[in-house]
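Undergrad: Let me see the structure of the following:
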Amino acid sequence: MTNVAAMARIYGGMPYLGSLPGSPAERAGLRWGDIVVAVNGLPTPDGDAFVEARQTRDGGASVRFVRDGVEREVELVW
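TA: So this is what the prediction gives:
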């Protein structure tokens, strides 16, 4: 298990493994190694939960994540 995967398990989220240049996630500042713990207020322990949570809102998403032990939140717009 990688360090990122281990940290994701500790926080109950899923590891963020990067994005395409210019994507909403990149523009919002998400980066490799962040741990996504919620999208639109719904927990995201795995990819299926992430997809479901993302579909609860059109035009964007509120993403809560952990970086360097600090919980943060960003707004993605697409």
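Undergrad: Grab the most central residue of this structure for me.
TA: Centroid check for the chain by C-alpha atoms, centre = their mean gives Val36 as the closest residue, at 3.0 Å.
Undergrad: helices or strands up against the helix or strand encompassing it?
TA: If you go by DSSP states H and E, Val36 is part of strand 35-39. Using 3 or more C-beta pairs under 8 Å, 6 or more residues apart in numbering; DSSP states H and E as the contact criterion, the elements in contact with strand 35-39 are helix 3-11, strand 14-15, helix 47-54, strand 60-67. C-beta coordinates here come from the backbone N, C-alpha and C atoms, glycine included.
Undergrad: among those, which is nearest Gly22?
TA: strand 60-67 (15.6 Å; C-beta to C-beta).
Undergrad: What count of nearby residues applies to Ala53?
TA: For Ala53, the neighbour count with other C-beta atoms under 10 Å is 20.
Undergrad: Return the residues in contact with it.
TA: The contact partners of Ala53, by C-beta atoms under 8 Å, 6 or more residues apart in numbering, come to 38-44, 61.
Undergrad: rerun that using 10 Å as the cut-off
TA: Counting by C-beta atoms under 10 Å, 6 or more residues apart in numbering, Ala53 touches 36, 38-44, 61-63.
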